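S.K.: what follows is a predicted structure for the sequence shown.
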Amino acid sequence: MLDNKFSFIDTIGQVIIEPQFNNAFSFSEGLAAVKIGGVKNKFGVTEGGKYGYIDNTGKIVIPAQFDDVQSFSQGLAKVNIGAIPGEYGIPEGGKWGYINTTGKYVWQPSE
């Protein structure tokens, strides 16, 4: 992390994707969830902004459009639209669905 932005390093510590994200998950199945935009609150949690997914070159392959996300597992990722920051900035509410690695919904968001 540099200037409160997340980056990615390789196994020997070399930066491979420059610091630019407000939050980032580890790579899973070739993709990593990243948060673009938003502001850090007093607890250090980024409020606002949206999550999308990047490939291992840093290219955004699934646009930042989700309010909360999980990593890919068995080709699917759980994503949320409509969540709002709750206590300590942790997202609450919204609707959850599942996308595949191309960003297409395989389960439409529902409550």
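M.R.: Arrived safely, thanks for sending.
S.K.: when you work out contacts or count neighbours from here on, use the C-alpha atoms and nothing else.
M.R.: Will do.
S.K.: touching stretch 7-16 from outside, list them.
M.R.: Residues outside stretch 7-16 that contact it (C-alpha atoms under 8 Å, 6 or more residues apart in numbering) are 1, 17, 18, 19, 20, 21, 24, 57.
S.K.: least trustworthy helix or strand in this protein by mean pLDDT?
M.R.: When the helices and strands of the chain are scored by mean pLDDT, DSSP states H and E, strand 46-47 comes last with a mean of 78.
S.K.: output the helix or strand following that strand as CSV - backbone C-alpha positions only.
M.R.: For strand 46-47, the succeeding helix or strand toward the C-terminus, using DSSP states H and E, is strand 50-54. Below are the C-alpha coordinates for strand 50-54, written out as CSV (Å, rounded to 0.1, in the frame of the first residue of the first chain):
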residue,chain,number,x,y,z
LYS,A,50,-17.6,0.6,-6.6
TYR,A,51,-16.0,-2.8,-7.0
GLY,A,52,-15.0,-4.4,-10.3
TYR,A,53,-12.4,-7.1,-11.2
ILE,A,54,-9.0,-6.9,-12.8
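S.K.: what's the local residue count around residue 9?
M.R.: 12 (other C-alpha atoms under 10 Å).
S.K.: any idea how far residue 42 is from it?
M.R.: Distance of residue 9 to residue 42, computed by C-alpha to C-alpha, to the nearest Å: 27 Å.
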